[in-house]
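Chemist: Just to be clear, the model below is a prediction. Sequence and coordinates:
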Amino acid sequence: MVGKRKLTDAQRAENKKIANKKWKDNNKDKIIKWRKKNRKEINEYCKNYNKNYVKPASMILARENKKIEFRNMISKIKSLYKCMNPNCFYHNNTIDECCLDFHHLKEKKYNVAAMIYRNKFSVLNEIAKCIILCSNCHRKVTYKKLDISKIKCCEVRVMEKL
């Protein structure tokens, strides 16, 4: 035992990780074959594991807070602009934010409502490509009954007011 040094727990764990990686690299075909053979058992195990998993309350609360923050930001933007169609009754009159829609003038990368868990900057960039219309005007635009070529996007003004 003279010359043999003792390994720390961290070194042992690292050596084990390296050995496992080498084994996986050398036995890829065996692993694939085993997975195909045991597909039902693997799926059943995963299904049961996920069924019993409970998210921590702090994680659920953080997600809900993010959702509320997103909705407040969108409501604030909609209430600042109202309907941007100058011929619309709601252009200067008050209307609930839920009755206002984002209409993309430039290329649409995401639906604004579906960006609820994205960061604020990417949401504002997507809104900058849009105009805000009441639901009636938005339907008319969709069916090509309303010309919106003279209406400008929200662009920089959104960033300044938030």
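Modeler: Structure received.

Chemist: From here on, just use CA atoms for contacts and neighbour counts.
Modeler: Noted.

Chemist: Please parse the chain into its domains.
Modeler: Here the domain parsing of the chain from automatic domain parsing is 10-52, 57-161.

Chemist: Single out the most deeply packed of those.
Modeler: domain 57-161 (a mean of 15; mean count of other C-alpha atoms under 10 Å).

Chemist: now that domain, how far from the centre of its chain.
Modeler: For domain 57-161, the distance from its own C-alpha centre to the chain's C-alpha centre is 16 Å (C-alpha atoms, centre = their mean, to the nearest Å).

Chemist: Return the helix or strand in the chain with minimum mean pLDDT.
Modeler: Least confident helix or strand of the chain, by mean pLDDT, DSSP states H and E, is helix 155-161 with a mean of 50.

Chemist: quick one, strands of the chain?
Modeler: Taking DSSP state E as the criterion, the chain contains strands spanning 100-104, 130-134.

Chemist: Quickly, which of the domains of the chain bottoms out on average pLDDT?
Modeler: Lowest mean pLDDT of those: domain 57-161, a mean of 82.

Chemist: and the gap between Lys17 and His138?
Modeler: Taking C-alpha to C-alpha, to the nearest Å as the measure, Lys17 falls 57 Å from His138.

Chemist: same check, this time on Asp147
Modeler: Asp147 is 11 Å from His138, by C-alpha to C-alpha.

Chemist: Fine by me, we can end here.
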